[in-house]
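> With the input below, show me the fold.
(chains A and B)
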Amino acid sequence: MSFILSFLATVGRSTLAWLAGMGRFAIFAGETVSHLARPPFYMREFLHALVQIGWLSLPVVGMTALFTGGALALQIYAGGARFNAETVVPSIVAIGLTRELGPVLGGLMVAARVASSIAAEIGTMKVTEQIDALVTLSTNPIKYLAVPRVLAATLAVPVLVGVGDSIGIMGGWLVGITRLDFNSATYIKNTLDFLENWDVVSGMIKGAAFGFIVALMGCYFGMTSGRGAQGVGAATKSAVVAASVMILAANYILTEVFFTS
Amino acid sequence: MIELRAVQKAFGANRVLRGVNLTLPRGQSMVVIGGSGTGKSVLLKCILGLVRPDAGTITLDGQDVARAERDAFLARFGMLFQGGALFDSLPVWQNVAFRLLRGSLKRPLTEAREIAIEKLRRVGLKPDVADKFPAELSGGMQKRVGLARAIAAEPEIIFFDEPTTGLDPIMSGVINELIREIVVEMGATAVTITHDMRSVRAIADNVAMLHDGVIQWTGPVAEMDNSGDPYLDQFIHGRAEGPIEAVR
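Below is the predicted model of the structure:
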């Protein structure tokens, strides 16, 4: 009997802790969104975040897209060869990259690079009382730290996705003409003929959602970081894991909304 | 004047403040002493609204601080944090002038920089420090920059959280003198938290000892040595034997 009660108490405590965490996150997200539209706006912090999140993520997103485009071309060619459909390589590479792989892999790479960096930076600020110092200097930490980063990521990641799409398609084209004997002009024509504006736009909208998620997770876990190096380490890990899982979940929901109606 | 009445704060099962009553007179320097983990920093954070008390009231000039307009309320305060809490991403002068570069106290950039350099000079730092980043400074210099930031907007009330912790005796003496000079010069109300009895004697007009979540003793610094309070006596003489358990 005592074992059952102890088990139920443990489940109850975990559930309450989880619900409290969700509540704290919801309040933080709501506060961040509400501050997006209210002055003051810290332009310098926004521009700094834009460079950190957008410009400096370009190499990692570009390399990921390049190799993914190349591998995708090889896979589609190998699969298509089973029913003599090798010619679909350019169109499937383009559609696959713009609709799914570009935004998802780009989002995940940005999550690894940016969510961790934001959580570690803000977590360290919390541990060293810099966030308390902000408050005593009449500055709202959410407005000063979270809003510029969330806005920068929401605007920068779609652009990164767009650039990544182009580089990924170029990766497919490179493999197509060097390894799969495609004619360069035919490959490009097939890509352009089958690609629709909505394929690109839907991927960029996903990118904006993923950017929002990445920065929000980084800021939330940073600001709720525990004490010491272990606390900051745990916050960084949680930010990356939560951002990655939420990107994949949001991707499914957005794909349902965009492509099944 | 700041008044705390029956202020309580617990973190889970740990009841840190159990009914603190304390009056901080205007224009005087109060030093709060007490063992590690007795809630001294929590006390300051409760006054500033960084931590919300579970019970009790805190008033500033008769107004409940919980109901005060935050910006106007915080504009009256300056704080030197234990580790300096300087913003790593900003050069020293922007740390010092942080409050003067944004919000209701915003000044033009050149004026804010001039004020920052003047405040750095006031705490004994040369103008060439202004463009360095906090990570390039020694611990003592970071403390002084923190002090310059605390006084940059000339607040009425200044809090100092363990201002000499981690500093060598000479630098501790320099910081103590600076705090005393600044408080006298500005006519500010000062509250300092410290374990360092040299600091207490150098900085304090009044002393309050926090123990077991309540103010165990409070009075003028001149009466501290003859208080007759066994807790205070043990603490100021650093004895292992006495009513305060050495292992806590």
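
> Mind jotting down where the helices sit in the chain?
In the absence of a named chain, chain A is used. Applying DSSP state H to chain A gives helices spanning A:2-36, A:43-53, A:58-80, A:89-96, A:102-110, A:116-127, A:130-136, A:141, A:147-179, A:184-194, A:197-223, A:228-259.

> ah, no, chain B please
Using DSSP H, helices in chain B cover B:40-48, B:70-74, B:92-96, B:109-122, B:139-151, B:169-186, B:197-203, B:230-237.

> Tell me the confidence at the residue nearest to residue B:220 when sequence neighbours are not counted?
The shortest distance from residue B:220 to any non-neighbouring residue, by C-beta to C-beta, 6 or more residues apart in numbering or on different chains, is to residue B:206 (5.7 Å). Quick note: C-beta positions are derived from backbone N, CA and C, even for glycine. With respect to pLDDT, residue B:206 scores 93.

> just the one 10 residues further on next, same as before
Looking at residue B:216, its pLDDT reads 92.

> now it: how far from residue A:121?
41 Å (C-beta to C-beta, to the nearest Å).

> re earlier: most packed of the helices of chain A?
Ranked by mean neighbour count, the helices of chain A are led by helix A:102-110 with a mean of 27 (mean count of other C-beta atoms under 10 Å in any protein chain shown).

> what about the stretch 101-250 of chain A, any weak spots by pLDDT?
Within the stretch 101-250 of chain A, no stretch has pLDDT under 70.

> For residue B:188, which non-adjacent residue is closest in space?
That would be residue B:158: by C-beta to C-beta, 6+ apart, it lies 5.1 Å from residue B:188.

> ugh, typo on my part, it should be residue B:194
Nearest residue to residue B:194, sequence neighbours excluded (C-beta to C-beta, 6+ apart): residue B:162, at 5.7 Å.

> Correct me if wrong: that neighbour contacts residue B:200.
No: Residue B:162 lies out of contact with residue B:200 (C-beta atoms under 8 Å); the separation is 11.9 Å.

> which neighbours do these two share?
Residues touching both residue B:162 and residue B:200 (C-beta atoms under 8 Å, 6 or more residues apart in numbering or on different chains): residue B:194.

> on that earlier part again, is the residue nearest to residue B:188 bridged to anything, and to what?
In this entry, residue B:158 is beta-bridged to residue B:78, residue B:190, by DSSP bridges.

> Taking the centroid of chain B, which residue is nearest it?
Residue closest to the mean C-alpha point of chain B, counted by C-alpha atoms, centre = their mean, is residue B:160 at 1.9 Å.

> For residue B:66, give its distance to residue A:179.
For residue B:66, the distance to residue A:179 - C-beta to C-beta - is 70 Å.

> next one: residue A:135
From residue A:135 to residue A:179 the distance is 58 Å (C-beta to C-beta).

> What is the burial count for the residue of chain B found nearest chain A?
For chain B and chain A, the shortest gap (C-beta to the nearest C-beta) falls at residue B:85, measuring 3.9 Å. Residue B:85 has 24 neighbours, counted by other C-beta atoms under 10 Å in any protein chain shown.

> what do you get for residue B:240?
9.

> Chain B contacts on the stretch 51-200 of chain A?
A:125, A:128, A:129, A:130, A:132, A:133, A:135, A:136, A:137, A:138, A:139 (C-beta under 8 Å from any C-beta of the partner chain).

> 6 Å instead, please
Proximity of the stretch 51-200 of chain A to chain B, by C-beta under 6 Å from any C-beta of the partner chain, involves residues A:128, A:129, A:130, A:132, A:133, A:135, A:136, A:137, A:138.
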